[in-house]
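A.B. asks: Next input, structure requested:
(2 chains)
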There are 2 protein chains.
Amino acid sequence: MLEKIGSFKFHIESYVCDFTEKATLPVICNFILDAASIHAQERGFGYEQISKDSVAWVLSRLTVEIYEYPGHNQDLTVETWIEGVNHFFTQRCFRFIDREGKTIGYARSIWAAINTATRRPIDIQAWRPDMLDFVESEKECPIEKMSKILPVEGVEPVMGYSVRYSDIDINKHMNSVKYIEHVINVFDLDIFKEKIIRKFEIVYLAEGGFGDKLKLYKQAVSDNEFLIDTKKGDDSICRGRIIWKTICQ
Amino acid sequence: MLEKIGSFKFHIESYVCDFTEKATLPVICNFILDAASIHAQERGFGYEQISKDSVAWVLSRLTVEIYEYPGHNQDLTVETWIEGVNHFFTQRCFRFIDREGKTIGYARSIWAAINTATRRPIDIQAWRPDMLDFVESEKECPIEKMSKILPVEGVEPVMGYSVRYSDIDINKHMNSVKYIEHVINVFDLDIFKEKIIRKFEIVYLAEGGFGDKLKLYKQAVSDNEFLIDTKKGDDSICRGRIIWKTICQ
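C.D. replies: Numbers count the residues shown, from 1 in each chain, chains lettered A, B, ... in the order given. Presented below is the predicted three-dimensional model:
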């Protein structure tokens, strides 16, 4: 049987870097999703395998903590493992390791499995009891339990966008990472000169489709903490929390 | 001395695919720029090396022809070589090769070298005569000379966007490929179900900066040919031409 923990290496090409010459948060989220996808595929419950059962994985929540962003031309290793499988959710964790072997961050994600015809969640334990064999409950993922992200209300939108071709992913839906890219775009370029996104949380509440006109609402909780609510009309599509940290020079 | 032709392999991860399960045009353009960047770096005139002379490469024109887009989980090899070095421009060509060794496309690009302080072009032959040693004039790149792309006038804009964090690249300017992503976003999702972008041309005329509000103007030349002009106020920032081809089932 394959190891419970998978390890995947990514190279930081110039085109995945921002002007600070570091990989961006959305890029690291792409690596997370790619590592999860290959890890699942290798163990028999990947996208192509489960689509035969008319089932698809849907990302429900994601928390990413990064202490240091990997720089241009460096390698980033992403470890991933399944921390738990419940009836309606699985928890998958990630550890980020730089080229010198140092841990530079962690992530935790929660996934539902849905029937692709009905879009309703299915009982994962009943459908694939073999997934329990891959649960790795010993390995530490030092990320606090995700707390509720409240809606942002009573303010004007700070940004809007229509869902377009570049937002739609291989599964024909709005790409989970593209929401994050738009969420981060509410900030001015100047903040990225002084701070890094130390922690990012997002909860996905509904699916955006091609042509949807979405609006972003921002609320400052403190100097370094912001909530960003992405809405279609009055309904939240996803809600994010960003915690910034000043870069130590 | 290094070979004149460089060859670079890229893997088509799920997150670089659209809903047709193929790599998108902007992704292939990222590969093009990455191959060019590594090829130049290896030969002594890359980004970091020339920045010591306060010089930077600026992409002026790009034509991409693709017969078949590489699919999910496949490899794409990008060959690149310098076709010519004039006083104020270099021409760099690309060939795309699929996993079976078949040529699936070509690209041709024109680059200027600018002084990063004055933003004025410099005489490449006088500055770096050694680049002439790398000119490979024998290898075929069957792309016609780029024709002039006329401005689009007398129509309402079809789309607008503000330049945001995700548009800014490692060089602190609007990313050349992000312009292309926005250009393609003027099309409805349905066209991508029936057609591929068989040929894409873009000419860069001015630089977009953070916060700029850009507008896109579209003109149909025929059923399959479109001009898309990206303007800041009345001035073109870049002009593109797209030629679609119906997919043979």
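A.B. asks: Near chain B, which residues of chain A? Just list them.
C.D. replies: A:13-15, A:17-19, A:21, A:24, A:26, A:30, A:33-34, A:37, A:47, A:72, A:161, A:164-166, A:168-172, A:175, A:177, A:181-182, A:184-185, A:187, A:189, A:192, A:210-211 (CB under 8 Å from any CB of the partner chain). To be clear about C-beta, it is placed using only N, CA and C from the backbone, and glycine gets the same treatment.
A.B. asks: from these, which ones fall inside strands?
C.D. replies: residue A:161 (DSSP state E).
A.B. asks: how far out from the middle of the chain is stretch A:205-224?
C.D. replies: 15 Å (CA atoms, centre = their mean, to the nearest Å).
A.B. asks: Could I get the buried residue list for it?
C.D. replies: A:205, A:208, A:210, A:212, A:214, A:215, A:216, A:217, A:218, A:219 (16 or more other CB atoms under 10 Å in any protein chain shown).
A.B. asks: With stretch A:140-156 instead?
C.D. replies: A:141, A:143, A:146, A:149, A:152.
A.B. asks: mind exporting the lengthiest helix in chain A as CSV, just the C-alpha atoms?
C.D. replies: Ranked by number of residues, the top helix in chain A under DSSP state H is helix A:25-42. Output in CSV follows, covering the C-alpha atoms of helix A:25-42 (Å, rounded to 0.1, in the frame of the first residue of the first chain):
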residue,chain,number,x,y,z
LEU,A,25,-0.8,33.0,-2.2
PRO,A,26,-3.0,31.9,-5.1
VAL,A,27,-0.1,30.1,-6.6
ILE,A,28,0.5,28.2,-3.3
CYS,A,29,-3.2,27.4,-3.3
ASN,A,30,-2.8,25.9,-6.8
PHE,A,31,0.1,23.8,-5.5
ILE,A,32,-2.2,22.7,-2.6
LEU,A,33,-5.0,21.6,-4.9
ASP,A,34,-2.6,19.9,-7.3
ALA,A,35,-0.9,18.0,-4.5
ALA,A,36,-4.3,16.9,-3.2
SER,A,37,-5.4,15.8,-6.6
ILE,A,38,-2.3,13.7,-7.4
HIS,A,39,-2.3,12.2,-3.8
ALA,A,40,-5.9,11.2,-4.2
GLN,A,41,-5.4,9.9,-7.8
GLU,A,42,-2.4,7.7,-6.7
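A.B. asks: quick one: average confidence on that helix?
C.D. replies: If you average the pLDDT over helix A:25-42, you get 95.
A.B. asks: which stretches of chain A form helices?
C.D. replies: Under DSSP H, chain A gives helices at A:25-42, A:47-51, A:124-127, A:176-184, A:191-194.
A.B. asks: Any chance of the ones you listed in TSV with distance to residue B:6 and mean neighbour count as columns?
C.D. replies: Formatted as TSV, the helices of chain A follow (distance: least, CB to CB, whole Å; neighbours: other CB atoms under 10 Å in any protein chain shown):
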stretch	distance to residue B:6	mean neighbour count
helix A:25-42	24	22
helix A:47-51	33	14
helix A:124-127	47	15
helix A:176-184	30	23
helix A:191-194	32	14
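A.B. asks: Tell me which of the ones you listed sits nearest to residue A:229.
C.D. replies: helix A:176-184 (9.3 Å; CB to CB).
A.B. asks: Tell me the bridge partners for the closest residue to residue A:202 other than its chain neighbours.
C.D. replies: The shortest distance from residue A:202 to any non-neighbouring residue, by CB to CB, 6 or more residues apart in numbering or on different chains, is to residue A:240 (4.5 Å). With DSSP bridges as the criterion, residue A:240 is bridged to residue A:202, residue A:228.
A.B. asks: ok, residue A:240 - how many residues close by?
C.D. replies: Residue A:240: 25 surrounding residues under other CB atoms under 10 Å in any protein chain shown.
A.B. asks: what's the nearest residue to residue A:168 if we skip its chain neighbours?
C.D. replies: residue B:19 (5.4 Å).
A.B. asks: I figured that neighbour hits residue A:175, correct?
C.D. replies: No. At 10.0 Å, residue B:19 does not count as touching residue A:175 under the criterion of CB atoms under 8 Å.
A.B. asks: out of the buried residues of stretch A:205-224, who's nearest residue A:80?
C.D. replies: When the buried residues of stretch A:205-224 are compared against residue A:80 (criterion: CB to CB), the nearest one is residue A:205, at 24.2 Å.
A.B. asks: right, and that closest one touches residue A:237 too?
C.D. replies: Yes. Shown here, residue A:205 and residue A:237 form a contact pair, counting by CB under 8 Å, at 6.2 Å.
A.B. asks: which ones among the buried residues of stretch A:140-156 are found in strands?
C.D. replies: Per DSSP E, the buried residues of stretch A:140-156 never map to strands.
A.B. asks: Out of those, flag the one nearest to chain B.
C.D. replies: Among the buried residues of stretch A:140-156, residue A:152 lies closest to chain B (CB to the nearest CB), at 19.1 Å.
A.B. asks: State the distance from that closest one to residue A:26.
C.D. replies: 21 Å (CB to CB, to the nearest Å).
A.B. asks: Would you mind giving the domain segments of chain A?
C.D. replies: Recorded structural domains for chain A (assignment: automatic domain parsing) are A:1-146, A:148-249.
A.B. asks: Among the ones you listed, which comes closest to residue B:122?
C.D. replies: domain A:1-146 (21.8 Å).
A.B. asks: How far away from the center of its chain is that closest one?
C.D. replies: Distance, centroid of domain A:1-146 to centroid of chain: 8 Å (CA atoms, centre = their mean).
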